[in-house]
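[1] A structural model of the following input is requested.
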Amino acid sequence: MDRIRDVCEKLWHIEKDFDLFSIEIRDIKVWEIIRFSVFNEITNKLGFYGKAHSESSKSITSQIKRSLMILGNSIKKNPFRSIYKGSTLVLDHPRKVKNNGKFIDIYTEAFITDMNLNDFFVLEYPYLGKHYSDLSDANRSYMDFFYIYTLYMIPLKLFKFTQEDLQIIFKIEEILKDAFGVKIQLRKLIYKRILTFELKYSFFNMLIKRKKLKKVFLVVSYTNFPLVAAAKDNNIVVSEIQHGVITDYHFAYNFGNPSIKLKYFPDKLLTFGEYWGKTEKFPQQAKVVVNGFPYLNKQLEKYKDIPKKKNQILFISQGTIGRELSRKANEIAEIMYDYKIIYKLHPGEYDRWRKDYPELVAASKLNNVEIIDSNEKNLYSLFAESEYQIGVYSTAIFEGLTLGCKTLLFNLPGIEYMEDLIKQNIVKLVHNNEEMVKMIDTYDANQFPRDYFFKE
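    Modelled structure (predicted):
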């Protein structure tokens, strides 16, 4: 098994053959809340993907600072104490981007800007142990109070698996081991997920009732199942705002049986454009609504007249494939010394690339290489000025395409996400550095309408 596609297709068959979606433990559809984590663990153990993001520091000093932050924010930014009575909850993306001197969530910023301040409030998780949004945002609350709530509630939620539960769990473990040759510790994973689910469900259920909420919008539904469940149990429509690539092999959005009734999937998916949400295995129960990506459109307008710098190549990194891509970037920089190479790290790689990517450290010493490891330089300005972009399956690839970058993709794990672009000859697939150099010299790809991926 050597492709992400193979893992997806085998898991889809297993889900169907063993009726995994019907399994309930403590009245929770267990497979539904763990399936994407199981997929990620399998692909990691098979060596397809690396670590996607950095983790919060675990040093004593950092833990003390984080605890003090949680205590302070539990008072100052407690959602239950918020004076705003809006009936719409927006759970935004925790990762923020600096824009005009202010950190914003690029996926929800335009959405909430268009709303009356009295109609909604925003809820925010910390990102890598801290918050980046402005504390003065009066209608923004933080999830920090949840961690205080957990300390009080967790003794009431501890439980033991029944013998029947354990038999089911061990059976699934064996099925996965037989199929993929890797051992997944499902007992530990399921216990943790059920406990977290019950804690967050009770928290969100109480918040929904206290605030008399009528609508919920969120980013990344597959990490927020308890909120989806609590909202649906209170007859609230849940809408997910697209934040990334949704194509045929994104396991969180594709199911072997698309007509299956899912308990924790959003009612609506608000997409960037017509291109998205049309995969064959996307759940039929969810309505797809073209919403656009206003933040991107503003960036396109801002940088549209920037001239391309001949022979400038922009690498778009991701934690999952960053080690291998950085190795290739180093090799290409040495071969193509007359090209300017810019390596743009993902925010989740900023604080660990010097430790995890030795080839990129070596590349950083070359005269024709620049490493971008902060948000100080606008990504869209890099797209606008670069003649080429190289990557694998990042959402940013679509943004670079829209800003006119000639696009080449390495055949690395996750390339399945981009199969449609490859088939349409919108991008070029390469298998090694020699192919890459040759393809750059002879680049020829099909054009596409400006609004193909992102509604204007």
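[2] low-confidence ranges in the stretch 201-350 of the chain?
    Within the stretch 201-350 of the chain, not a single segment meets pLDDT under 70.
[3] scan the chain for its longest helix.
    Criterion DSSP state H: the longest helix present in the chain is helix 186-211.
[4] and that helix, what does it pack against?
    Judged by 3 or more CB pairs under 8 Å, 6 or more residues apart in numbering; DSSP states H and E, the packing partners of helix 186-211 are strand 28-29, helix 30-45, strand 88-91, helix 144-157, helix 163-180, helix 225-233. Bear in mind the C-beta positions are built from the backbone N, C-alpha and C, glycine included.
[5] would you turn those into CSV with mean neighbour count and distance to Ser239?
    Converted to CSV, those look like this (neighbours: other CB atoms under 10 Å; distance: least, CB to CB, whole Å):
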stretch, mean neighbour count, distance to Ser239
strand 28-29, 20, 21
helix 30-45, 19, 19
strand 88-91, 23, 10
helix 144-157, 14, 22
helix 163-180, 15, 32
helix 225-233, 22, 10
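[6] in contact with Gln284, which residues?
    258-259 (CB atoms under 8 Å, 6 or more residues apart in numbering).
[7] re the thing from before, between the helices and strands packed on helix 186-211, which one is closest to Leu403.
    Across the helices and strands packed on helix 186-211, Leu403 has its closest neighbour in strand 88-91 (27.7 Å, CB to CB).
[8] partners of that closest one in the sheet?
    Based on DSSP bridges, the pairing partners of strand 88-91 within the sheet are strand 120-124 (parallel), strand 215-218 (parallel).
[9] which other residues reach it?
    Contacts for strand 88-91 (CB under 8 Å, 6+ apart): 108, 111-112, 115, 119-125, 207-208, 211, 213-219, 224, 227.
[10] picking up where we left off before, format the strands paired with strand 88-91 as TSV; extra columns: mean neighbour count and distance to Trp31.
    As requested, those are exported to TSV (neighbours: other CB under 10 Å; distance: least, CB to CB, whole Å):
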stretch	mean neighbour count	distance to Trp31
strand 120-124	22	27
strand 215-218	22	21
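[11] before we move on, the earlier item: list the buried ones in the longest helix of the chain?
    186, 189-191, 193-205, 207-208, 211 (16 or more other CB atoms under 10 Å).
[12] and stretch 406-413, by the same measure?
    Buried, per 16+ other CB under 10 Å, within stretch 406-413: 406-410, 412-413.
[13] didn't Leu421 look like it was pressed against Val427?
    Yes: in this structure Leu421 lies within contact range of Val427 using CB atoms under 8 Å: 4.6 Å.
[14] can you pull the residues that touch both of these two?
    By CB under 8 Å, 6+ apart, the residues touching both Leu421 and Val427 are 401, 407, 409.
[15] can you list the strands paired with strand 88-91 in a markdown table and add distance to Gln389?
    Converted to a markdown table, these look like this (distance: least, CB to CB, whole Å):
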| stretch | distance to Gln389 |
| --- | --- |
| strand 120-124 | 31 |
| strand 215-218 | 30 |
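[16] of those, which is nearest Phe39?
    Using CB to CB, the strands paired with strand 88-91 put strand 215-218 closest to Phe39, at 20.6 Å.
[17] now find how far off-centre the closest one is within its chain.
    Chain-centre distance of strand 215-218: 17 Å, with CA atoms, centre = their mean, to the nearest Å.
[18] what helices or strands is the longest strand along the chain leaning on?
    Longest strand in the chain by number of residues, with DSSP state E as the criterion: strand 309-316. Applying 3+ CB pairs under 8 Å, 6+ apart, we find strand 309-316 packed against helix 322-335, strand 340-344, helix 379-385, strand 386-391, helix 395-402.
[19] please redo it, this time with the cut-off set to 6 Å
    For strand 309-316, the packing partners by 3 or more CB pairs under 6 Å, 6 or more residues apart in numbering; DSSP states H and E come out as strand 340-344, strand 386-391.
[20] sheet-wise, list the partners of that strand with their directions.
    Strand pairing (DSSP bridges) places strand 309-316 next to strand 340-344 (parallel), strand 386-391 (parallel).
[21] got those strands as JSON lines, with mean neighbour count and distance to Gly322 columns?
    What follows is the strands paired with strand 309-316, written out as JSON lines (neighbours: other CB under 10 Å; distance: least, CB to CB, whole Å):
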{"stretch": "strand 340-344", "mean neighbour count": "23", "distance to Gly322": "10"}
{"stretch": "strand 386-391", "mean neighbour count": "24", "distance to Gly322": "11"}
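[22] need the ones you listed in a markdown table with distance to Asp137, can you?
    Putting these into a markdown table (distance: least, CB to CB, whole Å) gives the following:
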| stretch | distance to Asp137 |
| --- | --- |
| strand 340-344 | 28 |
| strand 386-391 | 33 |
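[23] of all those strands, which lies closest to Arg450?
    Of all these, strand 386-391 comes closest under CB to CB, at 17.1 Å.
[24] okay, the angle between that closest one and helix 395-402?
    Comparing the axes of strand 386-391 and helix 395-402 via axes from the mean of the first three to the mean of the last three CA atoms, to 10 degrees yields an angle of 150 degrees.
[25] got the contact list for strand 386-391?
    308, 310, 312-316, 397, 400, 405-408 (CB atoms under 6 Å, 6 or more residues apart in numbering).
[26] return the closest of those residues with respect to Leu71.
    Ile316 (38.6 Å).
[27] for that closest one, give me its contacts.
    Contact analysis of Ile316 by CB under 6 Å, 6+ apart lists 344, 389, 391, 394, 396.
[28] partners of it in the sheet?
    Here Ile316, judged by DSSP bridges, has bridge partners Lys344.
[29] shift numbering so it begins at 4
    Happy to do that; since the first residue is 4 now, the last one works out to Ile319.
[30] quick one: it from Lys32, how far?
    The spacing between Ile319 and Lys32, counted by CB to CB, to the nearest Å, is 36 Å.
[31] now the strands for the stretch 354-459 of the chain?
    With DSSP state E, counting those that start in this stretch as the criterion, the stretch 354-459 of the chain has strands at 372-375, 389-394, 409-413, 431-433.
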